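1. Show me the folded form of this:
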Amino acid sequence: MSQNKAFSTPFILAVLCIYFSYFLHGISVITLAQNMSSLAEKFSTDNAGIAYLISGIGLGRLISILFFGVISDKFGRRAVILMAVIMYLLFFFGIPACPNLTLAYGLAVCVGIANSALDTGGYPALMECFPKASGSAVILVKAMVSFG
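-> Below you'll find the model as predicted:
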């Protein structure tokens, strides 16, 4: 029997979900950048206004990264990762329905918070699943973001 936890069924599912979450992150970031013109028209602003919207991702990440390590340790990685996925889904369904730039900015901040939650839960979980190949497991995270 392999000593690698990642080959048992629950761990395979967990690893696939973590990588899928990073795939969602890649989609969320590129969605805003590729749709700047249509978003500018929708929110009656220019590209600078949409750049402001995109900056919300960085702000959300910046203000929340300090707290999610402790939250992940206290409530568990699974709960933090699930919260991140819920926040990504809120963004994906909320942006098209958003009536103004202010609410869209709030959703962008949520995506930044989701990214912090995903990082503080996902990276350690992957390193635990692949103790002998943790570097490779983490590199694959970057690939999944790029694929998104």
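
2. Tell me which residues touch the nearest residue to Ala51 once chain neighbours are set aside, please.
-> Leaving out its chain neighbours, the residue that sits closest to Ala51 by Cβ to Cβ, 6 or more residues apart in numbering is Met36, at 7.9 Å. To be clear about C-beta, it is placed using only N, CA and C from the backbone, and glycine gets the same treatment. Residues in contact with Met36 (Cβ atoms under 8 Å, 6 or more residues apart in numbering) are 47, 50-51.

3. Met36 and Gly106, how far apart?
-> In this view, Met36 and Gly106 are 18 Å apart by Cβ to Cβ, to the nearest Å.

4. repeat for Leu118
-> Distance of Leu118 to Gly106, given as Cβ to Cβ: 19 Å.

5. If you count surrounding residues, which of these two has more?
-> Using other Cβ atoms under 10 Å as the criterion, Leu118 and Gly106 rank with Leu118 on top: 24 against 14.

6. What distance do you get for the nearest residue to the more buried one once chain neighbours are set aside to Leu101?
-> Nearest non-adjacent residue to Leu118, counting by Cβ to Cβ, 6+ apart: Ala84, 4.2 Å away. In this view, Ala84 and Leu101 are 24 Å apart by Cβ to Cβ.

7. count of neighbours near the nearest residue to Thr31 once chain neighbours are set aside?
-> Setting aside the residues directly before and after it, Thr31 is nearest to Ile95 in space (Cβ to Cβ, 6+ apart), at 7.5 Å. Neighbours of Ile95 under the rule other Cβ under 10 Å: 20.

8. for Ile95, helix, strand, or coil?
-> Following DSSP: H, G, I helix; E, B strand; the rest coil, we place Ile95 in the helix state.

9. Might one say that it is in contact with Tyr105?
-> No: in this structure, Ile95 is not within contact of Tyr105 by Cβ atoms under 8 Å, at 10.7 Å.
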